[in-house]
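> have a look at this prediction, sequence included:
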Amino acid sequence: MKKKLVSVLLTAAMGATLLAGCGEGAADSVSEEEVQQAVEEVAATVEEAAKEEATEVTDYGTGEIKIWVADNVVDFTNSELAKFQEAHPEFAGYTYTVEAVGEGDAAGNMITDVEAGADIYAFAQDQIARLVTAGALEVVEDSNAEAVKAENDAGAVGAATVGGTLYAYPLTSDNGYFLYYDKSVVKDPSTLEGIIADCEAAGKNFYFEINSGWYQTAFFFGTGAELTYETDDQGNFTKCNSTYASDKGVEALKKIAEVASSKSFQNGSSISNATNVGAIVDGTWDAQAAKDLFGDNYACAKLPTFTCSNGETHQMSGFGGFKLLGVKPQEDDLKLAVCDALAAFLSSEEVQLDRYNAVGWGPSNLKAQQSDAVKSDEALSALAEQLQYTIPQGQYPGDYWSLATSLGDSVISGEITKDSSDDVFKKALEDFQATCESYAK
């Protein structure tokens, strides 16, 4: 209504101006002073109406918004919600309910019944393709999408993106693995060969879990080999994309066998179960145990580079894990606007940093990562650097993990060694790849 009024007033002002500029007949009936006064009065009225419109609060209606988060951040989320409500009186017609549903369960619950699911929910990034296919995720609103891409690290943005479209708000960049080491033993953590040589010289152990499908990918993805799956909206695996049975895969498996041949090598990834440790590839969940073990010699770094038998050097890669926040599609555009605003707030720099301080979740927001509190967290800093080289973990069949264990076990048992022929390496990987592909048929 106000826009229409402003339009009418502007038209009147223009008409008065034109009248003043007409011929002598017009000038006889309306003096120039009267026209000028009318123009000024109309201009003042237009300005006042514009000010009122600019300060007018949109009526977003009423509604209920259901939010799913992990149990350990329910209280935190309720506390942040109070801040959001105070800052946004225009959303006063809405009530909010926070329920404890873990990131690992949220996607399955949403896909089972999208309509009954949460309006806003946190989920693990490996579920995003299923959620998009099932119609359980609204595309991130354009202005919010620009902010998300500019303000969060590349790994998290990639994890929230499907087919070039952003479907979720990053919450964390804190699930992955990197290097813990004793800096009195390892002088330079930048190369795998140097780390192993230092551990051997000091009579210390180097731990890496080569029979884990999660850690194993550090070598395969590092050389450029691929292994991903595509699924339908029911979560059925429809296609396997794998290049493990290739020269890149062979080089990776050869390097795994070479590492296993070192007298310092121990298979494992839990520092709490490790002994005589010089270095170990592990995650943030074991940071305190690493600090307790290494004491003043505690240090962290991204994963090192490694050099293959063909002379090529690669950065160790692997899987990265991220927590994301999704918004369910809404029939009511006003409610959707409220959900978008809340999701943007809960994933903002301020809230990510508050969440780190409250429960230790590593931020994906670039400025939050540069805060003194986060930068002083050596484990998170090392992981943040490593995640730039990783691939967001998608969905994998349960049998894949068992198969990957068997591949690593064939190295640990000596069935495959660093001295095995290329034919042996190639045959092992051809069998592995064929089996992986069979899971999607």
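Right, received. Where do you want to start? Numbering: from 1, shown residues only.
> residues in contact with the residue nearest the centre of the chain?
By CA atoms, centre = their mean, the chain has its centre lying nearest to residue 156, at 2.7 Å. Going by CB atoms under 8 Å, 6 or more residues apart in numbering, residue 156 touches 170, 172, 173, 322, 324, 364, 387. Placement of C-beta: from N, CA and C, glycine included.
> export the residues you listed to TSV and append columns for distance to residue 273, secondary structure and neighbour count.
Output for those, formatted as TSV (distance: CB to CB, whole Å; DSSP: H, G, I helix; E, B strand; the rest coil; neighbours: other CB atoms under 10 Å):
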residue	distance to residue 273	secondary structure	neighbour count
170	32	strand	27
172	26	strand	24
173	26	coil	33
322	27	coil	31
324	31	strand	27
364	30	coil	31
387	25	helix	30
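> tell me the least confident of those residues?
Among the contacts of residue 156, residue 387 has the lowest pLDDT, at 89.
> the closest residue to residue 422 other than its chain neighbours: which element?
Once flanking residues are discounted, residue 422 sits nearest to residue 250: 6.3 Å by CB to CB, 6 or more residues apart in numbering. Using DSSP states H and E, residue 250 maps to helix 247-260.
> for that helix, which residues meet the burial criterion?
Neighbour-count burial for helix 247-260 flags 248-260 (criterion: 16 or more other CB atoms under 10 Å).
> same question for it, mean pLDDT?
98.
> then stretch 87-102?
97.
> before we move on, what about stretch 139-151?
What stretch 139-151 shows for mean pLDDT is 96.
> just give me how far that stretch sits from the chain centre.
Relative to the centre of its chain, stretch 139-151 is centred 13 Å away, using CA atoms, centre = their mean, to the nearest Å.
> one more: stretch 86-103?
Put simply, stretch 86-103 sits 23 Å off its chain's centre (CA atoms, centre = their mean).
> what comes into contact with that stretch?
Contacting residues not belonging to stretch 86-103 are listed as 57-71, 74, 77-78, 81, 85, 109, 118, 121-124, 323, 335, 338, 341-342 [CB under 8 Å, 6+ apart].
> now that stretch: buried residues?
Across stretch 86-103, burial judged by 16+ other CB under 10 Å covers 91, 94, 96, 98, 101, 103.
> check stretch 427-441 too.
Residues of stretch 427-441 classed as buried: 428, 429, 432, 433, 436, 437, 440 (neighbour count, 16+ other CB under 10 Å).
> ok, residue 139 to residue 277 distance?
Distance, residue 139 to residue 277, by CB to CB, to the nearest Å: 46 Å.
> neighbour-wise, which of these two wins?
Shown here are residue 139 and residue 277; by other CB atoms under 10 Å, residue 277 has more neighbours (22 against 15).
> what's the distance between the more buried one and residue 192?
Counting by CB to CB, the gap from residue 277 to residue 192 is 16 Å.
> okay, now residue 416: neighbour count?
Here the count is done by other CB under 10 Å, and residue 416 has 22 residues near it.
> hang on, residue 151 packs against residue 369?
No. Applying CB atoms under 8 Å as the test, residue 151 and residue 369 come out as separate, 10.5 Å apart.
> more neighbours, the two?
Remark: of residue 151 and residue 369, residue 369 carries more neighbours, 22 against 19, as counted by other CB under 10 Å.
> pop out the phi and psi values for the more buried one.
The phi/psi pair for residue 369 (degrees, to the nearest 10) reads phi -60, psi -30.
> I figured it was touching residue 153, is that so?
Yes. Between residue 369 and residue 153 a contact is recorded at 7.0 Å, counting by CB under 8 Å.
> now do the shared contacts for those two.
Common neighbours of residue 369 and residue 153 (CB under 8 Å, 6+ apart) are 173, 384.
> circling back: from the buried residues of helix 247-260, pick the one nearest residue 408.
Nearest to residue 408 among the buried residues of helix 247-260: residue 256, at 7.4 Å, using CB to CB.
> picking up where we left off before, tell me the SS of the residue nearest to the centre of the chain?
Following DSSP: H, G, I helix; E, B strand; the rest coil, the label given to residue 156 is helix.
> now for the contacts of residue 156: which two are most distant?
Largest separation among these by CB to CB: 324 and 387, giving 14.1 Å.
> which strand residues bridge residue 170?
With DSSP bridges as the criterion, residue 170 is bridged to residue 324.
> and the end-to-end length of stretch 384-397?
Taking CA to CA, to the nearest Å, stretch 384-397 runs 27 Å from one end to the other.
> next one: stretch 84-99
OK, stretch 84-99 end separation, CA to CA: 17 Å.
> run the chain-centre distance for it.
26 Å.
> ok, stretch 273-282 next?
On the basis of CA atoms, centre = their mean, the separation between the geometric centre of stretch 273-282 and that of its chain is 28 Å.
> again with stretch 296-312
24 Å.
> got the CA coordinates for that stretch in CSV?
Below are the C-alpha coordinates for stretch 296-312, written out as CSV (Å, rounded to 0.1, in the frame of the first residue of the first chain):
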residue,chain,number,x,y,z
ASP,A,296,56.5,-30.9,26.0
ASN,A,297,57.4,-32.7,22.7
TYR,A,298,53.8,-32.7,21.5
ALA,A,299,53.4,-31.5,17.9
CYS,A,300,50.9,-31.8,15.0
ALA,A,301,51.1,-31.4,11.3
LYS,A,302,49.1,-32.1,8.1
LEU,A,303,49.9,-35.4,6.5
PRO,A,304,53.2,-35.5,4.7
THR,A,305,54.1,-36.0,1.0
PHE,A,306,55.3,-39.4,-0.2
THR,A,307,57.4,-40.4,-3.2
CYS,A,308,56.4,-43.4,-5.3
SER,A,309,58.6,-46.0,-7.0
ASN,A,310,58.2,-44.1,-10.3
GLY,A,311,59.7,-41.0,-8.8
GLU,A,312,56.5,-39.0,-8.5
